[in-house]
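[1] the following block contains a protein sequence and its predicted model.
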Amino acid sequence: ALSNVVATQINSIVGKELSAELHWGPNLAFYEKELSLQEKTLSKDIDIVAIGRTGRDYDTLIRAFDGTNIRVAIYCHESCKNSLLTKFTNNISIHFLQNPEELNYKRIIQIYSNSKILAIPMLPQDSLCGLTSVVDGIAMGMPIIATYNKYINIDIEKLRIGYWVKPY
């Protein structure tokens, strides 16, 4: 399992030690190759970026930074239109995607490389989500601000690479 919590749940269900945690990490060579293929700029156009589709809480992210001088970019599925706050200032840009393939992984890395901080705002839930984004942030050397999720076994605060925040 990709989380010790999930492995423990599986073992509890089957009544024996069947599952163990698989420590999952980034392939740094992949990220380095993609970044070397991209034009590098000295400035970062985005202060905070959030990309993700499972269990995300973009409304809170918008409320937190609306009207500030912090430039926020959100990339989410167009189904989020119904839940996102409709009034916010021009420091926040939202890019609605019609399908997941519209934003391929190479483009995600390009967006990350043009951003200072990775935000992973998540709704309270009982599932593993946000792990891919955390791993991306580590690979890219980005500071991370994420909603705490007990399923993510990487302690970004202990590693001094980010901060956990409470839901909402």
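    Great, that's in hand.

[2] and stretch 44-61, how far out from the chain's middle?
    The chain centroid and the centroid of stretch 44-61 are separated by 7 Å, computed with Cα atoms, centre = their mean, to the nearest Å.

[3] low-confidence ranges in the protein?
    37-43 (pLDDT under 70).

[4] how long is stretch 114-130 from one end to the other?
    One end of stretch 114-130 sits 20 Å from the other (Cα to Cα, to the nearest Å).

[5] the residue lying closest to Thr54 once chain neighbours are set aside: neighbouring residues, count only.
    In space, and not counting its chain neighbours, Thr54 is closest to Cys129: 4.2 Å by Cβ to Cβ, 6 or more residues apart in numbering. No exception for glycine: its C-beta is placed from N, CA and C like everyone else's. For Cys129, the neighbour count with other Cβ atoms under 10 Å is 19.

[6] assess the claim that Cys129 and Arg53 are in contact.
    No: Cys129 lies out of contact with Arg53 (Cβ atoms under 8 Å); the separation is 9.1 Å.

[7] helices along the chain, start to end?
    With helices called from DSSP state H, the chain shows them at 4-14, 28-37, 58-65, 105-113, 131-140.

[8] for these, which one sits closest to Lys150?
    Shortest distance between Lys150 and those, using Cβ to Cβ, is found for helix 4-14: 5.8 Å.

[9] using CSV, write out every CA atom in that closest one.
    Extracted as CSV, the C-alpha positions of helix 4-14 are listed here (Å, rounded to 0.1, in the frame of the first residue of the first chain):
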residue,chain,number,x,y,z
ASN,A,4,1.1,2.7,6.4
VAL,A,5,-2.5,3.6,7.5
VAL,A,6,-3.9,1.8,4.4
ALA,A,7,-1.6,-1.2,5.0
THR,A,8,-2.9,-1.4,8.6
GLN,A,9,-6.5,-1.2,7.4
ILE,A,10,-6.0,-4.0,4.9
ASN,A,11,-4.3,-6.2,7.5
SER,A,12,-7.1,-5.6,9.9
ILE,A,13,-9.7,-6.6,7.3
VAL,A,14,-8.0,-9.8,6.3
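
[10] good, wrapping up.
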